[in-house]
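> kindly generate the corresponding structure for this input.
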Amino acid sequence: TEPATGKRGDDLAARDRRLADLARRIGLFIQDWDEYELAVIEGPVRALGGSTWDRAGSWWLTVQMLDPNRTAVVSPTTVKKWAAGKGNADKGAVSGAVTRLWPEFECGSDNESDALALASMGAQRLGIAKFLKRSYHSDALLKVEWPAFIRERDEREMERRQELAGDALDRYEEEGVDRA
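Residues are numbered from 1 along each chain as shown. Below is the predicted model of the structure:
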């Protein structure tokens, strides 16, 4: 993340240049990913201060560069709930919680803490970060609209587990094991 460079009195041309430059830099960053399985981004924020329209424009410019079939959008309250256990947690609580989860990473700002929380949510949902097991992590993950490929994978896994359970039950019955 980078500090905001806009000024309250900027004219339309300056705001347009700033958004175009930001979109260009984000695009270069995304291009470096080659292939990505999942992008997790924070949903729009109803912010006080700053230019709401500029922030919304920046958000949509970013979303347009991502594959919608591989992108999850997480509400700000869900990010807070996942990181700190409360959807109304302040930035300091989120930052502190992320630092405790990932002490080896030094987040330079609250925005970087939020980004690391979002990445962690995606890693947990993909099964990469299995050590993240706080109950509020799971509760928060249930509130995210995950892309179809993840929901389809979950359905296949559920079918596989049901099949295994059915096979085990059949074996018990064949062996004459009393289930009561």
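
> can we go C-alpha only for contacts and neighbour counts from here?
Will do.

> please, where are all the helices along the protein?
Under the criterion DSSP state H, helices of the chain are mapped to 12-31, 52-64, 76-84, 91-101, 110-125, 135-141, 148-174.

> ranking the ones you listed by burial, who's on top?
helix 76-84 (a mean of 24; mean count of other CA atoms under 10 Å).

> other SSEs contacting that helix?
helix 91-101, helix 110-125, helix 135-141 (3 or more CA pairs under 8 Å, 6 or more residues apart in numbering; DSSP states H and E).

> could you give the angle of the first one to helix 76-84?
In this case it means helix 91-101. For helix 91-101 against helix 76-84, the angle by axes from the mean of the first three to the mean of the last three CA atoms, to 10 degrees is 40 degrees.

> so where's this protein shaky on pLDDT?
Within the chain, the stretches with pLDDT under 70 are 1-4, 34, 47-50, 131-132, 177-180.

> that older thread, Val40 is nearest to which of the helices of the chain?
The closest of the helices of the chain to Val40 is helix 110-125. By CA to CA, the value is 5.9 Å.

> which other helices and strands contact the closest one?
strand 39-42, helix 76-84, helix 91-101, helix 135-141.

> can you show me the CA trace of the shortest one as CSV?
If I follow you right, that is strand 39-42. Provided in CSV are the C-alpha atoms of strand 39-42 (Å, rounded to 0.1, in the frame of the first residue of the first chain):
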residue,chain,number,x,y,z
ALA,A,39,-8.1,-13.2,-5.3
VAL,A,40,-9.7,-11.9,-2.1
ILE,A,41,-10.5,-8.2,-1.9
GLU,A,42,-12.2,-6.0,0.6
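
> any chance of the helices and strands packed on helix 110-125 in a markdown table with distance to Gly176 as columns?
What follows is the helices and strands packed on helix 110-125, written out as a markdown table (distance: least, CA to CA, whole Å):
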| stretch | distance to Gly176 |
| --- | --- |
| strand 39-42 | 50 |
| helix 76-84 | 46 |
| helix 91-101 | 48 |
| helix 135-141 | 38 |
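
> report the separation between Glu155 and Gly6.
46 Å (CA to CA, to the nearest Å).

> for Gly57, that is, sorry about that
Gly57 sits 14 Å away from Gly6, going by CA to CA.
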